[in-house]
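In: sequence and predicted structure are below.
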Amino acid sequence: MNRLRVISDVWMVAVASMFAVGGATAQSKSDSTIQGFEANEVHFTVDSGNRILEVRVEGCELCTKQSYLPARDIVVSEGPRILSSDAYQQVSGNSGTIMFDDTSQMVFEVNFWTPRGEGEVK
């Protein structure tokens, strides 16, 4: 009987701990500083190695500025397809969405839109 009570008490502590950790995780997600901005045009300034030095936007109503710094590990995609740095000049100037982190003050993702029906995952 005493053994069952100890097991029951340990189980209750484990369950309570899981809820506490879950609550902390939910709290940190609600404090997110990530923003997505849609722009009529997203332009890249790149160096000779096709590394992005600057992300510029035009026709972006919610953007707080026109020029953003890229994160070191920025992801560039067109629809569902991740692009290599060789394709950056081809898509630069197209419409897209930039994902911006207020904390780092950098763009960490750019997704260029594809015409309806093109690039859809089937």
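Out: All right, it came through fine.

In: could you point out which element follows whatever helix or strand R56 lives in?
Out: Taking DSSP states H and E as the definition, R56 sits inside strand 52-58. Past strand 52-58, further along toward the C-terminus, the next helix or strand under DSSP H and E is strand 67-78.

In: summarise which helices and strands the next helix-or-strand element following that next one is packed against.
Out: Towards the C-terminus, the helix or strand next in line after strand 67-78, according to DSSP H and E, is strand 81-82. The helices and strands touching strand 81-82, judged by 3 or more CB pairs under 8 Å, 6 or more residues apart in numbering; DSSP states H and E, number zero. The way it works is simple: take the backbone N, C-alpha and C, and place the C-beta from them, glycine included.

In: what's next to the helix or strand following strand 81-82, contact-wise?
Out: Using DSSP H and E, the helix or strand that follows strand 81-82 towards the C-terminus is helix 88-91. Contacts with helix 88-91, where a contact means CB atoms under 8 Å, 6 or more residues apart in numbering, come from F44, V46, N50, I52, V76, E78, L83, F112.

In: of these - the most surrounded one?
Out: Per-residue neighbour counts (other CB atoms under 10 Å) across the contacts of helix 88-91 peak at V76, which has 23 neighbours.

In: right, and N50 touches S85 too?
Out: Yes: N50 sits in contact with S85 when judged by CB atoms under 8 Å, with a separation of 3.8 Å.

In: including pLDDT and distance to Q105, could the contacts of helix 88-91 go into JSON lines?
Out: Converted to JSON lines, the contacts of helix 88-91 look like this (pLDDT from 0 to 100; distance: CB to CB, whole Å):
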{"residue": "F44", "pLDDT": "98", "distance to Q105": "18"}
{"residue": "V46", "pLDDT": "96", "distance to Q105": "20"}
{"residue": "N50", "pLDDT": "94", "distance to Q105": "23"}
{"residue": "I52", "pLDDT": "97", "distance to Q105": "15"}
{"residue": "V76", "pLDDT": "98", "distance to Q105": "19"}
{"residue": "E78", "pLDDT": "95", "distance to Q105": "25"}
{"residue": "L83", "pLDDT": "97", "distance to Q105": "24"}
{"residue": "F112", "pLDDT": "97", "distance to Q105": "22"}
